[in-house]
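Chemist: no sequence for this one, just the structure:
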């Protein structure tokens, strides 16, 4: 089996349009959540979100590309360009033939769907733009990355709601680990922050109207975000041979299914995924210094997640740090695990633990060190990143310092 | 603006050319317009003239709409406008 390392990272999200700005926000504990700027916002009950602001496509994409790129594809390409540029890789010949793109995404081109439903149902028009289908399909982003970077190996999109990116990265990890592909572009994106997307989430009554406060006793729900996180997963010897800078090693992965409830999380399902990731990475519980939590800020997730961590780590649960960066960039749904992996990489490389901001009141059911409100300096050698999706699908990734 | 000038304008925009570079004899292939560009042009034409163009990308030769040159497209549009707007 091959070792798998990360040699490039890129992002765009409410905290910044690149990795450097996003990590600055993590260090500063800056919040990207604010009033929603979208059509018909007055008809929404939930009026806040972590929107990507100041995103100008002029100069990034030409007119033909714009007619084919939904917002989630635009985000994906911006992040992929950053990640692949950092890796220094160019894809030709055998490397091109074997390398591919596996991305996570939940809603596909929701902005395109929303706008065209409006055209047909609200405006009463009987004609829509011919590219609606190729724009909104969930695999559009992965396909456009493959085209822009000449990636001709295995490429597809994984949809498992809030665990999509982690499941996608699991696939990419396995492909590089098994020797099937020397390099895989992976991560995920989402742009569900449109009128219909927010309206749908409102219906479930799990959204906060004021802030995302994970683990805080007065938390009152999740806040949606949008954006993308993209990584270059590369076989270790391949990266070493070309002198690439290695950001972290992908040490292991595990996935589990609750097989219980379509929305309520399960402590057992989460525990099995966390314990599985440790086993796959050959890590002892005491090796883990930091966990980037799923930490949605809902009543159900946060207490279940803390209970699962306490179960798996035993006494060490009180020594490790666990934070939810969703308090800053919101919940990117299918793209969330990818953006959150950046906090794990920052912890390993820079020794800075991103905080859980908005933390106000201790909750005895979340009695772990949640790194409240301020980033902390700490040396850690291994981290986990959790994702627990609706549908009871869990995916946990383990990273190790190289 | 005449139907001819409007159609040439739409085709020129799709081909990223100046309208003066689009001649009546030009074919879509000459202008570098591929199959996606063609359906996008037809959409733009339908929107501009509020007409319905009978074109099926699966069987362009069978469609009752001749796309073999800019001139044939303009003639087809003029006919459709006359039929559908009368």
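Modeler: That came in fine, so what should we check first? What you are looking at is a predicted structure, and each value in this text was computed from that prediction instead of being measured.

Chemist: In the stretch 301-402 of chain A, which residue sits closest to chain B?
Modeler: Distances from the stretch 301-402 of chain A to chain B, computed as C-beta to the nearest C-beta, single out residue A:334 as the nearest residue at 26.6 Å. (Glycine included, C-beta is placed from N, CA and C.)

Chemist: is it fair to say that residue lies in a strand?
Modeler: No: the assignment for residue A:334, made by DSSP: H, G, I helix; E, B strand; the rest coil, is helix rather than a strand.

Chemist: and it, how many residues sit next to it?
Modeler: For residue A:334, the number of neighbouring residues by other C-beta atoms under 10 Å in any protein chain shown comes to 34.

Chemist: pretty sure residue A:326 contacts residue A:214?
Modeler: Yes: using C-beta atoms under 8 Å, residue A:326 and residue A:214 qualify as a contacting pair, with a distance of 6.2 Å.

Chemist: picking up where we left off before, quick check: the residue of the stretch 301-402 of chain A closest to chain B touching residue A:188?
Modeler: Yes: with contact defined as C-beta under 8 Å, residue A:334 counts as touching residue A:188 (5.4 Å).

Chemist: what's the overlap in contacts for these two?
Modeler: Listed contacts common to residue A:334 and residue A:188 are A:104, A:105, A:164, A:165; contacts here mean C-beta atoms under 8 Å, 6 or more residues apart in numbering or on different chains.

Chemist: How much space separates the residue most central in space within chain B from residue A:133?
Modeler: By C-alpha atoms, centre = their mean, chain B has its centre lying nearest to residue B:73, at 4.7 Å. Distance from residue B:73 to residue A:133, counting by C-beta to C-beta, to the nearest Å: 24 Å.

Chemist: so what's in contact with residue A:326 and residue A:214 at the same time?
Modeler: Once C-beta under 8 Å, 6+ apart is applied, the residues that residue A:326 and residue A:214 both contact turn out to be A:295, A:296, A:297.

Chemist: Find the residue closest to whichever residue of chain B sits closest to chain A in space, skipping its chain neighbours.
Modeler: Proximity of chain B to chain A (C-beta to the nearest C-beta) peaks at residue B:39, 4.2 Å away. Computed as C-beta to C-beta, 6 or more residues apart in numbering or on different chains, the closest residue to residue B:39 that is not its neighbour in sequence is residue A:130, at 4.2 Å.

Chemist: re earlier: assign a three-state SS to the residue of chain B closest to chain A, would you?
Modeler: Reducing the assignment to helix, strand or coil with three-state DSSP, the entry for residue B:39 is helix.

Chemist: What is the burial count for it?
Modeler: Other residues near residue B:39 come to 15 when the count uses other C-beta under 10 Å.

Chemist: go on, residue B:23?
Modeler: By other C-beta under 10 Å, neighbour count at residue B:23 equals 12.

Chemist: before we move on, what about residue A:95?
Modeler: Applying other C-beta under 10 Å, I find that residue A:95 has 18 neighbouring residues.

Chemist: measure it to chain B for me?
Modeler: 28 Å (C-beta to the nearest C-beta, to the nearest Å).

Chemist: Direction included, what does the helix or strand that contains residue A:252 pair up with?
Modeler: Secondary-structure assignment from DSSP states H and E places residue A:252 in strand A:248-257. According to DSSP bridges, strand A:248-257 forms sheet pairs with strand A:4-13 (antiparallel), strand A:393-400 (antiparallel).

Chemist: Out of those, flag the one nearest residue A:271.
Modeler: Among the strands paired with strand A:248-257, strand A:393-400 comes nearest to residue A:271, with 9.2 Å by C-beta to C-beta.

Chemist: Distance from the chain centre to that closest one, please.
Modeler: Distance of strand A:393-400 from the chain centroid (C-alpha atoms, centre = their mean, to the nearest Å) equals 12 Å.

Chemist: residues from the stretch 101-250 of chain A in reach of chain B?
Modeler: When proximity is defined by C-beta under 8 Å from any C-beta of the partner chain, the stretch 101-250 of chain A lies next to chain B at A:127, A:129, A:130, A:131.

Chemist: which of the residues you listed are buried?
Modeler: A residue is treated as buried here by neighbour count (16 or more other C-beta atoms under 10 Å in any protein chain shown); on that basis the buried members of these are A:129, A:130, A:131.

Chemist: and which of the residues you listed is nearest chain B?
Modeler: residue A:130 (4.2 Å).

Chemist: so who does residue 8 touch?
Modeler: Just going to use chain A. The neighbours of residue A:8, taking C-beta under 8 Å, 6+ apart as the test, are A:82, A:83, A:84, A:85, A:86, A:87, A:88, A:89, A:231, A:232, A:247.

Chemist: Oops, wrong one, chain B.
Modeler: For residue B:8, the set of contacting residues under the criterion of C-beta under 8 Å, 6+ apart consists of B:19, B:22, B:70, B:74.
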